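Visitor: Below are the sequence and a predicted model for it; my questions follow.
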Amino acid sequence: MFTVDLGDGAELRPLEPWQAPEFLAHIDRARAGVDPWIPWATRTTDLESAVKVLRSYADRQAADTGRIYGIWLDGSLVGGVMFPVFDTESGVCEIGCWLEPAAEGRGLVVRSARRLVDWAFGERGMSRIEWRVSPDNIRSINVARRLGMTCDGVLRENFPYRGVRRDMAVWSLLASEWRPADSV
C-alpha cells in the first residue's frame, strides 16, 4: 500500500474493500452533504452495500478503468477522490470527489485531486480530464476552477435523482494546459 502525505496531518491512500466498515461510518457522517452529488452515497447504507461500492472500484482498478482513494485527516477517513471513468484507449478520464463537513475548508480535495491529475497526465499519458458536477454544487465547481478547468457546457436533464431529472455541468482540463504540482 502507498500513502501520499498531503500535509497538515492529511494523507491520500487507496480505499479498498477490507476498509468497508470505516468507509460506511464515514459515509454515515458525510451523507447529508454528499448524497445529492455522489450516486453511490445514497446506496451505501449497510456493510454489504459499502463492500459492494469498494469492490466495484477494486474491479475497475484491476481492469484499469477506474480507481478510488480515501483522504485521511489525523487518522480518520474524511473524504476521497476517484476516477469513476479511466479510459486509456481514448485518453480521457473523469475525476470526482467527496468530503465530510468536518474536513471542509482545508484544501484537502484540491491537493488530492492535483495528485490524481499529475498522475493521469504525467504517468498515464491521458489527454483530457473531466469533472462532472451538478451546476448546484458550488463547492465542487470551485475545486474544478482551482484545478484550472474550463466549463465545456451543461448537459440538461442528464440524470435522475430521487425522481427529478438533474443537469450535469462538464468541466475539463487538457494535458497541454496542466502545470504539474512541482512547478506551481
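Guide: In hand now; what should we look at?

Visitor: T150 contacts L173, doesn't it?
Guide: Yes. Proximity of T150 to L173 meets the contact threshold set by C-beta atoms under 8 Å, at 7.3 Å. For the C-beta atoms, the positions are set from N, CA and C on the backbone; glycine is no exception.

Visitor: higher neighbour count, these two?
Guide: Counted by other C-beta atoms under 10 Å, T150 and L173 do not tie: L173 has more neighbours, with 21 against 12.

Visitor: That one belongs to a helix?
Guide: No. L173: not assigned to a helix; according to DSSP: H, G, I helix; E, B strand; the rest coil it is strand.

Visitor: Which pLDDT does the model give it?
Guide: For L173, the pLDDT comes out at 98.

Visitor: again, but for F2
Guide: 86.

Visitor: and what of V184?
Guide: The model's pLDDT for V184 equals 46.

Visitor: residue boundaries of the helices in this protein?
Guide: Secondary structure of the chain (DSSP state H): helices at 20-34, 39-43, 47-63, 108-118, 138-146.

Visitor: Looking at the ones you listed, which one is packed in the most?
Guide: With neighbours taken as mean count of other C-beta atoms under 10 Å, these reach their highest mean count in helix 108-118, at a mean of 21.

Visitor: residues in contact with that helix?
Guide: Residues external to helix 108-118 that are found in contact with it (C-beta atoms under 8 Å, 6 or more residues apart in numbering): 4, 6-7, 10, 12, 69, 71, 73, 78-81, 83, 95, 97, 99, 129, 143, 146-147, 173, 178, 180-181.
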